[in-house]
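Chemist: Okay, sequence plus prediction incoming.
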Amino acid sequence: MADEKKPGPWRDPAQDTLEWQMLAQEYRELLHAVQSGISAERGQEDLHGISEDLRGSGPKHLRVGVNAALSDHGSLVGLLIRKGVITGTEYMKACVEGLRTEVESYERMLSQKLGTQIKLH
């Protein structure tokens, strides 16, 4: 794994601050909550016998989509930070906010489907 202190294409000195570290921790926790929501949702779909291939969610389809999205996203973020449009901290705050919204969406959807209050985070 690359050294986290080593300058990268969009390294922000703020990454060494307590605020950044707290945001990064919350981001990891929210990602785990989204993962739990996706797993629960997929479990519901599997109960109905819907094939992964018909849903377009087989391993190959998922991997290609994820890799393309990550590459495109990283390139855009790097460009915006290098041009001074945003800072790394502003980017991390926006990512955390977006994942909070995603977790809340899964909590609402699963609560409705399962008929009980679901809390993922």
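Modeler: Looks like it arrived, so ask away.

Chemist: helices or strands next to the one helix or strand K93 maps to in the packing?
Modeler: Using DSSP states H and E, K93 sits within helix 88-114. Contact partners of helix 88-114 among helices and strands, from 3 or more CB pairs under 8 Å, 6 or more residues apart in numbering; DSSP states H and E: helix 18-47, helix 59-82. (Each C-beta comes from the backbone N, C-alpha and C, glycine too.)

Chemist: between the shortest one and helix 88-114, how many degrees?
Modeler: With axes from the mean of the first three to the mean of the last three CA atoms, to 10 degrees as the criterion, the two stretches helix 59-82 and helix 88-114 enclose an angle of 150 degrees.

Chemist: ok, now the longest one?
Modeler: Taking the same axes, to 10 degrees, helix 18-47 and helix 88-114 form an angle of 30 degrees between their directions.

Chemist: Show me what counts as buried in helix 18-47.
Modeler: 20, 23, 26-27, 30, 33-34, 36-37, 40 (16 or more other CB atoms under 10 Å).

Chemist: The last one now?
Modeler: Taking 16+ other CB under 10 Å as the neighbour-count basis, helix 59-82 is seen to contain the buried residues 77, 81.
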